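Asks: Predicted model follows, preceded by the sequence.
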Amino acid sequence: MKRPSILIVDDEAQNRKVLANTLNEWGYSIILADDGLQTLELLKTKTPHLILLDIMMPGMDGFEVCQKIKADPNTKDIPIIFLTAHTDTDKVVKGFQLGAVDYITKPFNSAELIPRVQTHIKLKATEEQLIQKIQELETANRTKSEFLATMSHEIRTPMNGIIGLTQLAQKTRLTFQQQDYLTKIDSLTHVLLDIINDILDFSKIEAGKLNVEHINFSLEEVLNKLFNTFSLKIEDKGLTLYKNISSDIPRYLIGDPLRLLQILMNLTGNALKFTEKGKILIAVNVIKKDDTFITLKFSVQDTGIGIPSEIKEHLFKAFTQADNTISRKYGGTGLGLAICKCLVTMMEGDIWIDSIVGEGSTFNFTAQFKCSSEQECSKQQAQTKAVPSINTLHGARILLVEDNLINQQVARESLESEGLVVKIANNGQEAITAVTNNSFDVVLMDIQMPEMDGYEATQIIRKNQYTLPIVAMTAHAMNSVREKCLLVGMNDYITKPIDLELLFSILKKWIKPKSKPYAIQKHQKITGELPNTLPGFELKSAIKRLGGNKSLFKMLLHDFERDYAHAAIDLRSALEHNEIETALILSHTLKGIAGNLSANELQKALSDLERALKRDNFEDVLMDNVEISLIKVLESIKTIPQENQKDLEIEDTQSIPLDISIVTPLLINLHQMIEKHNVNAAHSLTALSTAMSGTGFSTELHHISDCLNRFDFSSTKKSLNIIAKRCNIKL
């Protein structure tokens, strides 16, 4: 171990010799100087643990030397003990004022000298060790935060792809079994996402970076979200969910609704997990209230397995389960309650549990909120209502900056399905080029990318005076990342996996509504409402498949009546003439259209007929079933009023240049959907039509729309190929 060093400064050689010999015997390394100038020169290359400094010296006295040492950032922390033959109080006081830690009088007494030197050497060593330890902890904390941010990104990136592709797949035609598989995959990925979020929240707690907001909110809306989330799960398990909300709670509060919902979701989820029969009760009561603040007590009561008394005190500690078998049977990280306790504390409240083993548990917590006036909330709601609807975003031009191909596909298809026009950039450098050469309404910017990341790209875009909105779209979920995004010039932030509802909410916030209608649009006038039931059709699934567009559904019904009123006659004629291949093609085509319209009975009859024809075991009863089902469908359609509408109006008043970089991916995407006979192809056509408005393709686009409305995918494909050929685009 290196010996502590002491610098002895004295103009008397005898004094230096006595001090050096004495301190050497005690194991110290000695450095000698005989005046102030030599001392300052030595300190440029050496850093002793202690300086023994004589006061009375020629040229530059000890006080002046001390001042210069303390003024230098490299030496100011070295402790100084003054050496003096005088005991003048004024000199002692002046020494301490200049930064000395002690003084020793001459002649030297080793019994006095050594203990005082040792004391200040140890203090210095302890201080250095403490500083080093703090630096090590800060480094470790930074490393941990960086690791968590990196891991968050690495986990969330594939999670975004899994969740996004699952949701896209659920929009396509699926068998019941396939739909069941995808629903379970979606559920499990969200469970995994909840675990990731718990780990990140706990890390924020440890770092002291978990915050709560103070905004206007409605407690009723928070509870409605809670009940909507758990109602189906409660019903599936055969339980009953009740609520008991005190009537004297103000309608509006000021606090953090998302964190409050997080606590309630965690406690209700636990209650559901540990309850096999009975009920779950959510209660909210007023504990204390004045003109400014209100304290509420929330209770989540279940009739589950209960918790032993010896476990209760440990439940709110991290990684704690009721016993070591709980995690195996019920799952969970043991972080949820620890996070709840932290959030409750930040809301000026407390959390505790009442429980009887075998009878159930009640988790209680209190939280303090500010009272909010109805005028404040009415103003906030008015601002919210002023946000443009999703329909006003149709045709908006989006630059998607993303290096992951799967995430590109998920984001692009999700955006294009709502009629937005998307251009892809694979990294920050491509984004800068795209912004320079094109006009966009908003940029969705990933952060972690090769060649140039999102931070640098945003800074360059802002430096070049581009003011278009930039939204960070990243797998990083740490507050520090959000702060950095805003600092470099981004306008907003959304984490992956992408919540599509939140994404479109953010887009509505930043994209300005168009001042005039787009060149391609549908003009519809509803002349009558659909009935609650329609014989031969499953209305709910049909409307859902068409994105809730009832008017479009009615138009498609009448198109079906127009084109397939004689389908049964055509089928019988083919069968009578033994034209099996023709009958197969017709039954297969009609089956697909019936499925798209949710004419389930007709679809099944045609499916049975098609299967029998393929197996060469046709029976007349199968054709009879098709005819009966078709007649029922056609009779139902006749009861639906006709829509007074124009199919498509294409305004090509002038020819404008075609942006191949935007049109190419839209054409390819629409072509792929048509290849798969995907009924959602009409959504992609909206984006393509907007991108090609005024470019001289009105006839082809009109024909494609007409064919898609009749589910004539073969003719649609021909018109699409004509467009691709004229644009020199390979499909």
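Replies: Cool, got the structure.
Asks: For L261, give me its contacts.
Replies: By CB atoms under 8 Å, 6 or more residues apart in numbering, L261 lies in contact with V222, K225, L226. Yep, even glycine has a C-beta here, placed from its N, CA and C like the rest.
Asks: Skipping adjacent residues, who's closest to the last one in space?
Replies: The shortest distance from L226 to any non-neighbouring residue, by CB to CB, 6 or more residues apart in numbering, is to L264 (5.2 Å).
Asks: Give me the three-state assignment for that neighbour.
Replies: Of the three states, L264 takes helix under DSSP: H, G, I helix; E, B strand; the rest coil.
Asks: Doesn't H677 belong to a helix?
Replies: No: counting by three-state DSSP, H677 falls outside a helix, being coil.
Asks: Could you pull up phi and psi at it?
Replies: Main-chain torsions, H677, degrees, to the nearest 10: phi 50, psi 40.
Asks: So for it, what's the nearest residue that isn't a sequence neighbour?
Replies: Excluding the flanking residues, the one nearest H677 by CB to CB, 6+ apart is F713, at 5.1 Å.
Asks: what residues are up against the nearest residue to V663 once chain neighbours are set aside?
Replies: Excluding the flanking residues, the one nearest V663 by CB to CB, 6+ apart is A691, at 5.4 Å. A691 makes contact with V421, D659, I662, V663, L666, according to CB under 8 Å, 6+ apart.
Asks: right, and the first one touches A396 too?
Replies: Yes: because the distance of 6.9 Å satisfies CB atoms under 8 Å, V421 is recorded as touching A396.
Asks: which residues does L586 contact?
Replies: Per CB under 8 Å, 6+ apart, neighbours of L586: A567, D570, L571, A574.
Asks: So which of those residues is the closest to I432?
Replies: When the contacts of L586 are compared for distance to I432 (CB to CB), A567 wins out at 55.8 Å.
Asks: just how off-centre is stretch 554-562 within its chain?
Replies: Mean C-alpha position of stretch 554-562 versus that of the full chain (CA atoms, centre = their mean, to the nearest Å) differs by 42 Å.
Asks: swap in stretch 700-707?
Replies: With CA atoms, centre = their mean as the basis, stretch 700-707 stands 38 Å off its chain's centre.
Asks: In strands only, show me the contacts of A691.
Replies: With strands defined by DSSP state E, the entries of those inside them are V421.
Asks: For the contacts of A691, give me JSON lines that also has distance to R615.
Replies: Below are the contacts of A691 laid out as JSON lines (distance: CB to CB, whole Å):
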{"residue": "V421", "distance to R615": "47"}
{"residue": "D659", "distance to R615": "51"}
{"residue": "I662", "distance to R615": "48"}
{"residue": "V663", "distance to R615": "45"}
{"residue": "L666", "distance to R615": "42"}
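Asks: Pick out the lowest-pLDDT one from the contacts of A691.
Replies: The member of those with the lowest pLDDT is D659, at 70.
Asks: Confirm for me that that residue is in contact with F440.
Replies: No: between D659 and F440 no contact is recorded; they are 11.3 Å apart, counting by CB under 8 Å.
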